[in-house]
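1. 3D model of this:
(3 chains)
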Amino acid sequence: MYFYGATQSGWDEIRTHAKQWLRARNKRTIEAYIGTDHALTEPEALTAMKQDGVAVFLLTCYSGIFHPKLIVFSSNKYKLLLSGSNNLTRSGLSSNIEFATAVKIPAGAERFVNWESAIHNSSNALSKTLLKDYEQQRNQRLKKLQKSNVPWQFTWRKRRKAAVRKGASIQPKLPIKLEEGTLLYEVMPKETGPMGSQIQILKQVAIGYFGLPNRVGSSVSISLTNVTTGEERCLTMTYNSNTTMRLSIHEASYTERPCFLLFQPKRKKSFDFAVISEALDPMQFQFLDNILGGRRQRKRRTLIF
DNA sequence: TGGCTGTGTCTTATGGCGTG
DNA sequence: CACGCCATAAGACACAGCCA
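-> Coordinates of the predicted model:
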């Protein structure tokens, strides 16, 4: 496959099917040629693909922008080309308006074979060094973007927002159900941490919801599971001397904002959580935004159901 | 050649400070 | 009290040097 950009959530959309496809017959392989232009491709996606048995190549020697969105199924006789407008991203595979078409060509079709060969010659197999280098330059770029106050997402003002009427009874599908005990927490545009991963927790919420003892210096360890990715981790929340309490949620980085966090208690000091971002989940985001009153203020909005 | 150890670098998690 | 800027501790990782 050939993609201008690939994200972790995009690969998550197809990884189960890809792995099943690989296992179904002997000698099946997947090769992925991924672009790095505009820093859309997430290093985590490349690592995950490689771990799942995909031969990953990064485009390194070309002019212009590497822009294809193409999947090729090859057999001895034919090649089936699925070419479209979507990248290997969750929004491209699920929520965007995209177009794709399928074309069957003979396996030896000269012009396409030459194209594939040219792409292969313009790329390098993903190595630790290559990945690290891309990751570093991408992080620097994201930091610069944040510092320059340029919003990550550009949306034309004339564009109408996703329409979920206030008080609408139809609830969009959320990764975490809004039931008794669910915490809906707004992420501020410039929360702290190197990549904006640190979320400050309101005192009332830290004590009342996460079980932090009400005295300076006390701390609580909580286990967090991202219900979208399945990642589980243990984090510490401390009552700092300046009455701030924080959590490092790297999924709520600058690139995902504006966004909401949803928490649901599982066991004692153990919570499921999900990030609902406006860019990736516009309907869900709008729905939650409406619940909180529909207008972001200087202070964060939060609600325990 | 392989294992161990010390050192440096980078990333992530955590906490302090200034300010409104 | 809480938002946003920043610093730093802790841990992961890479790599060189040494020795068996």
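
2. remind me which residues of the stretch 101-250 of chain A are low pLDDT?
-> A:140, A:142-170, A:194 (pLDDT under 70).

3. What parts of it come near DNA strand B?
-> A:132, A:135-136, A:139, A:192-195, A:197-198, A:219, A:233, A:235-238, A:240-242, A:244, A:246-248, A:250 (Cβ under 7 Å from any atom of the strand). For every residue, glycine as well, the C-beta is placed using N, CA and C.

4. same for DNA strand C: which of the residues you listed are within range?
-> A:192-194, A:198, A:242, A:244.

5. hmm, back to that, just the buried residues from the residues of the stretch 101-250 of chain A next to DNA strand B, in PyMOL please.
-> Buried subset of those, written as a PyMOL selection, criterion 16 or more other Cβ atoms under 10 Å:
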select buried, chain A and resi 197+237+246+247+250
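
6. The closest residue to residue A:94 other than its chain neighbours: what's it in contact with?
-> Spatial nearest neighbour of residue A:94, chain neighbours left out: residue A:13 (6.5 Å); criterion: Cβ to Cβ, 6 or more residues apart in numbering. If a contact means Cβ atoms under 8 Å, 6 or more residues apart in numbering, then residue A:13 has A:90, A:93-94 as its contacts.

7. Please apply the same query to residue A:274.
-> A:174-176, A:226-228, A:261-262.

8. ok but it is inside a strand, no?
-> Yes. Residue A:274: assigned to a strand according to DSSP: H, G, I helix; E, B strand; the rest coil.

9. leaving aside the residues next to it on the chain, what's closest to it?
-> Nearest to residue A:274 is residue A:175, by Cβ to Cβ, 6+ apart, at 3.9 Å.

10. what do you get for residue A:256?
-> Leaving aside its sequence neighbours, residue A:256 sits nearest to residue A:277 (Cβ to Cβ, 6+ apart; 4.3 Å).

11. how many other residues sit next to the one you found?
-> Neighbour count for residue A:277, taken as other Cβ atoms under 10 Å: 21.

12. before we move on, what about residue A:207?
-> 18.

13. For it, which residues are in contact?
-> Neighbours of residue A:207 in contact, by Cβ under 8 Å, 6+ apart: A:213-214.

14. ok, now with 7 Å
-> By Cβ atoms under 7 Å, 6 or more residues apart in numbering, the contact set of residue A:207 is residue A:214.

15. Against residue A:262, how distant is it?
-> 20 Å (Cβ to Cβ, to the nearest Å).

16. for residue A:214, same thing?
-> For residue A:214, the distance to residue A:262 - Cβ to Cβ - is 25 Å.

17. which bits of chain A sit near DNA strand C?
-> Checking chain A against DNA strand C by Cβ under 7 Å from any atom of the strand, the hits are A:128-129, A:188-194, A:198, A:200, A:202-204, A:242-244, A:298-300.

18. ChimeraX command for the buried members of the residues you listed?
-> Those of the residues of chain A next to DNA strand C that count as buried under 16+ other Cβ under 10 Å are selected in ChimeraX with:
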select /A:188,191,200,300
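
19. Show only the entries of the residues of chain A next to DNA strand C found in helices.
-> A:128-129, A:203-204 (DSSP state H).

20. I'd like those residues as CSV, with distance to residue A:99 appended.
-> As requested, these are exported to CSV (distance: Cβ to Cβ, whole Å):
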residue, distance to residue A:99
A:128, 37
A:129, 37
A:203, 50
A:204, 48
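
21. Quick check: the farthest pair among those?
-> Using Cβ to Cβ, those reach their maximum pairwise distance at A:129 and A:204, which is 47.6 Å.

22. quick one: which of the contacts of residue A:274 is nearest residue A:56?
-> Among the contacts of residue A:274, residue A:228 lies closest to residue A:56 (Cβ to Cβ), at 22.3 Å.

23. quick one, phi psi at that closest one?
-> Note on residue A:228: backbone dihedrals following degrees, to the nearest 10 are phi -80, psi -40.

24. re earlier: regarding the residue nearest to residue A:94, what is its secondary structure?
-> At residue A:13 the chain is in helix, as set by three-state DSSP.
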